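>>> how would this look folded up:
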Amino acid sequence: TIGSFPSDFWEMKLTYDGAFCAIEDNRKNYYMSAQQGKIAKMSIDDNGNIISKGRIDPAGGENYLFINPFTLDKTNQNIMYVAGGQLLWRNNNLKDMPMGGWDSTDIHWDSLSFTRLPEGESISAVSSSKTTNHILYYGTNKGNLYKIIDADKSDPILIDITGGRFPVNANIQNIAIDPRDANKALVVFSNYNVLSMFYTSNGGENWTPVSGNLEENQSGGGKGPSCRWAQILPVQNGTMFYVGTSVGLFSTSVLDSTLTCWEQEGSNTIGNAVVVMLDAREQEGYVVAATHGSGVYASYITDLPLKANSPELISPGIDTITTSTSITYRWTSVPNAVFYKLDVSETPDFSTLKLSRSLITNTFYIASTGIVVGKSYYWRVQAINSAGASLEPNSRKFSVKSSTGINEEQNAPTVYVSNGNLVIKQNDSFDNMEHITYSLYDLVGNCYWTSKMNNNADAYIHISSYPKGVYIVVGHLNDKTWKSLFIHR
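Prediction:
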């Protein structure tokens, strides 16, 4: 079709099981492929009439995949790269390919022997960069990834850029390259029970897993979908990332490692159809999604999605005091949030975190992580969607006190039991040690003993007659307080 929308009239030009395809700029030539590596070149007029047609896949090619990848060189569309089982093929002169025949040909084709893979390994994905001349990425059905610099030349540079965290023996289905920067790319693995997507911003030197909430578990295991195809689309003020999966189309504008939030697109149109391929024209933000058996869908995307509002915090409330280190955090629901992120810190600027949990789909979370008696904490919750985290989250302060009512802990001394006596070592952080008052409590709050420090010496308390259990030693000096726990066995 030459229409702008998938609902426009379509004509079939190749009567095979369809596979990869490409269109030269200004529709000069169309390239269509069929099962097991057959590739046709066609010239078609605006009325849909075929002007010329011929088969151009390389003679000698073998071990093709049933749906076999190829790509035009995006900086020179006179060049084509074709996956041929264990190695790549390159054609540097598509415009002079003879038309009219219907068989493979050896005209202008070179097999790139330096790309040959071991027996049993096949090239499963091939992608060309748009901005940097002749950079080619290709991946394999064993999870290995390579980059070729100067791929059009007779002496190119081959670099193994397989990520250290890539799943072993998993199938690389697609490689999406940022049209503005060949160093930025998304790699898609189609297997179940693996981390499905990895992103690089430095040409493959480092890779970050970014499949986020598409995985049931952050390890990649569980009931997450199979990912099939990714697309990177520059938009106003940022970038949109799309991925077609076995359960529909998803997008995000923020890649945040394993916490990336992917949000479903076209839930009432595409639904949960298998999205097998994507393409985009960045000039006007035109995105097209092809499904398996459910048609083709398109949309114009020109801007980033909107962030969610921050939720209102319910409990712990402002300046709440509790005696339990198990805290139930509650907040209000936000309509366009996909999940929530909870942070707990001892400082109001959250510069260091005692607890951080994301991917929370409920509006509450119960945890004791990072919480100790005698401290004050700040907590906040952000709503997360495909635009990232909500801005300006509210925060609340709460304090955890001992059931004895004792104030905050400071500079707890060394406490131990020796020969039936509880020994309390001197605390050098206090001046005027002889003015410190000691108290001994059980966990219910009963006071068993109290006394002042004697001449800066260690304190000895005879406890052999006391009930067995956990005790709290508390020291007071003016406005300072410390405490320490010990077990009487």
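
>>> Quick check: which element contains the closest residue to residue 51 other than its chain neighbours?
Residue nearest to residue 51 in three dimensions, not counting chain neighbours: residue 43, with 4.2 Å by Cβ to Cβ, 6 or more residues apart in numbering. C-beta here means a position set from N, CA and C on the backbone, and glycine is covered the same way. Assessed by DSSP states H and E, residue 43 sits inside strand 38-44.

>>> and that strand, what other elements does it pack with?
When contacts are defined as 3 or more Cβ pairs under 8 Å, 6 or more residues apart in numbering; DSSP states H and E, strand 38-44 sits against strand 30-34, strand 50-55.

>>> Off-centre distance for whatever helix or strand comes next after the last one?
Following the chain from strand 50-55 toward its C-terminal end, the next helix or strand by DSSP H and E is strand 70-73. Between the mean C-alpha point of strand 70-73 and the mean C-alpha point of its chain there is a distance of 28 Å (Cα atoms, centre = their mean, to the nearest Å).

>>> by contact count, what packs against strand 70-73?
So strand 70-73, by 3+ Cβ pairs under 8 Å, 6+ apart, packs with strand 21-23, strand 30-34, strand 76-84, strand 123-128.

>>> Which strand residues bridge the residue nearest to residue 51?
residue 52 (DSSP bridges).

>>> contacting residues around the residue nearest in space to the middle of the chain?
The centroid of the chain falls nearest to residue 210 when counting by Cα atoms, centre = their mean (2.0 Å). Residue 210 makes contact with 186, 197-199, 255-258, 260, according to Cβ atoms under 8 Å, 6 or more residues apart in numbering.

>>> Residue 75 and residue 179: what is the separation?
11 Å (Cβ to Cβ, to the nearest Å).

>>> try residue 118
Residue 118 is 33 Å from residue 179, by Cβ to Cβ.

>>> Compare these two (neighbour count), which wins?
residue 179 (18 against 9; other Cβ atoms under 10 Å).

>>> Note down every partner strand of the top strand by length along the chain and its orientation.
Determined from DSSP state E, the single longest strand within the chain is strand 375-385. Applying DSSP bridges to the sheet, strand 375-385 is found paired with strand 339-345 (antiparallel), strand 388-389 (antiparallel), strand 395-400 (antiparallel).

>>> Throw those into TSV and include mean neighbour count, thanks.
Converted to TSV, these look like this (neighbours: other Cβ atoms under 10 Å):
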stretch	mean neighbour count
strand 339-345	21
strand 388-389	20
strand 395-400	18
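
>>> I figured residue 157 hits residue 149, correct?
Yes: contact criterion Cβ atoms under 8 Å: residue 157 and residue 149 qualify, at 4.2 Å.

>>> Would you mind finding the most buried of the helices and strands packed on strand 70-73?
strand 123-128 (a mean of 25; mean count of other Cβ atoms under 10 Å).

>>> Let me know the pLDDT of residue 459.
Residue 459 carries a pLDDT value of 79.

>>> Actually, residue 314.
Here the pLDDT value assigned to residue 314 is 94.

>>> Give me the nearest residue to it, chain neighbours excluded.
residue 330 (4.1 Å).

>>> Please list all residues in contact with residue 37.
57, 61, 64-65, 68, 82, 84.

>>> Now list the buried members of the contacts of residue 210.
For the contacts of residue 210, a burial check counting by 16 or more other Cβ atoms under 10 Å picks out 186, 197-199, 255-256, 258, 260.

>>> Would you mind putting the residues you listed into a markdown table with distance to residue 305 and secondary structure alongside?
Below are the buried ones among the contacts of residue 210 laid out as a markdown table (distance: Cβ to Cβ, whole Å; DSSP: H, G, I helix; E, B strand; the rest coil):
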| residue | distance to residue 305 | secondary structure |
| --- | --- | --- |
| 186 | 18 | strand |
| 197 | 19 | strand |
| 198 | 23 | strand |
| 199 | 19 | strand |
| 255 | 14 | coil |
| 256 | 14 | coil |
| 258 | 20 | helix |
| 260 | 14 | coil |
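
>>> Out of the residues you listed, which is nearest to residue 317?
residue 256 (29.6 Å; Cβ to Cβ).

>>> quick revisit: so can I have CSV of the helices and strands packed on strand 70-73 showing mean pLDDT and distance to residue 282?
Output for the helices and strands packed on strand 70-73, formatted as CSV (pLDDT from 0 to 100; distance: least, Cβ to Cβ, whole Å):
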stretch, mean pLDDT, distance to residue 282
strand 21-23, 95, 15
strand 30-34, 96, 21
strand 76-84, 97, 17
strand 123-128, 98, 15
